[in-house]
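Novice: sequence and computational prediction follow.
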Amino acid sequence: MPEIAPKIEGHSIVLIGSFNPAVFQPAWFSAENLLRKEEAASATIDIRSRSSSFTLEWLDFRCTQDRFGAETTSNRRFQPEPLRDLTIGTFRLLSHTPLRMLGINLYFHFQMPSVDYWHKIGHALAPKEPWKGVLDHPGMRSVWMESPRSDGYTGKINVWVEPSVQIQTGLFVSVNDHYEVPQPDSKADPKQPQGATQIIDILEKVWNESLARSRKMAYSLAKIGE
């Protein structure tokens with residue numbers, strides 16, 4: 001049996017909170033030493049009244065008034081650490097930005113060694129027996145599973161499994177490692193933590209463990225057909 005490994009692997013960090021999209025331009029990141037000057041100069045930029053987005057060789061960035069997203073570009077394989085460094089650096093500077101949710105997301109496109117192996121995963125995750133008499137030729141299109149966290153943080157873990165749309169007889173697995181922090185009532189208790197610190201502390205602390213766990217999940221699912 002050939003080794004099961006992803007042909008495509010992508011990563012993203014998503015923050016939910018309150019943002020001023022106009023701030024997040026390549027020139028600002030460069031001025032704060034979060035991007036190299038040559039990177040900022042080469043960026044493809046799209047700035048609108050309620051959103052800001054730009055693309056670098058390794059980064060797809062988009063910010064709206066309630067969502068900050070940094071993703072590795074999917075046309076080539078890039079390491080995820082620059083996403084972490086960019087995000088942490090940004091909100092250590094903008095520490096008063098209200099952040100309430102964090103998603104550390106990985107996705108994978110695995111090439112299956114055979115059509116039979118590919119079908120075996122579908123049969124395991126979405127058994128066909130319950131569909132007899134309902135559909136003539138049932139086939140798995142998407143499976144979404146959710147689990148509460150068991151590590152002391154508030155949030156959940158979501159996993160999607162689908163046939164890949166980029167690789168023939170391929171398997172797509174996406175893992176969303178989701179964290180939340182309670183929103184402080186500054187009027188009731190002005191000493192409660194405000195801004196980005198809690199979420200960014202979580203990102204910095206769990207990063208390596210999160211990636212390792214998500215990869216383990218994805219590889220385990222891709223090997224169901226063995």
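Specialist: Looks like it came in fine.

Novice: ok, now which ones touch the residue nearest to S142 when sequence neighbours are not counted?
Specialist: The spatial neighbour of S142 that comes closest, neighbours along the chain excluded (C-beta to C-beta, 6 or more residues apart in numbering), is E162 at 4.6 Å. The way it works is simple: take the backbone N, C-alpha and C, and place the C-beta from them, glycine included. When contacts are counted by C-beta atoms under 8 Å, 6 or more residues apart in numbering, E162 touches M140, R141, S142, V143, L171, F172.

Novice: which one of the residues you listed sits closest to P21?
Specialist: Sorting the contacts of E162 by distance to P21 puts F172 at the head of the list, at 29.8 Å, by C-beta to C-beta.

Novice: next SSE downstream of the host helix or strand of the closest one?
Specialist: Secondary-structure assignment from DSSP states H and E places F172 in strand 170-180. On the C-terminal side of strand 170-180, the nearest following helix or strand under DSSP H and E is helix 197-222.

Novice: packing partners of that next one?
Specialist: strand 6-17, helix 81-93, strand 99-111, helix 115-125, strand 154-163, strand 170-180 (3 or more C-beta pairs under 8 Å, 6 or more residues apart in numbering; DSSP states H and E).

Novice: ok now that helix, how far from the chain's centre?
Specialist: Here the centre of helix 197-222 is set off from its chain's centre by 10 Å, with C-alpha atoms, centre = their mean, to the nearest Å.

Novice: between that helix and strand 6-17, how many degrees?
Specialist: Counting by axes from the mean of the first three to the mean of the last three C-alpha atoms, to 10 degrees, helix 197-222 lies at 150 degrees to strand 6-17.

Novice: before I go, just wanted to say thanks for your time.
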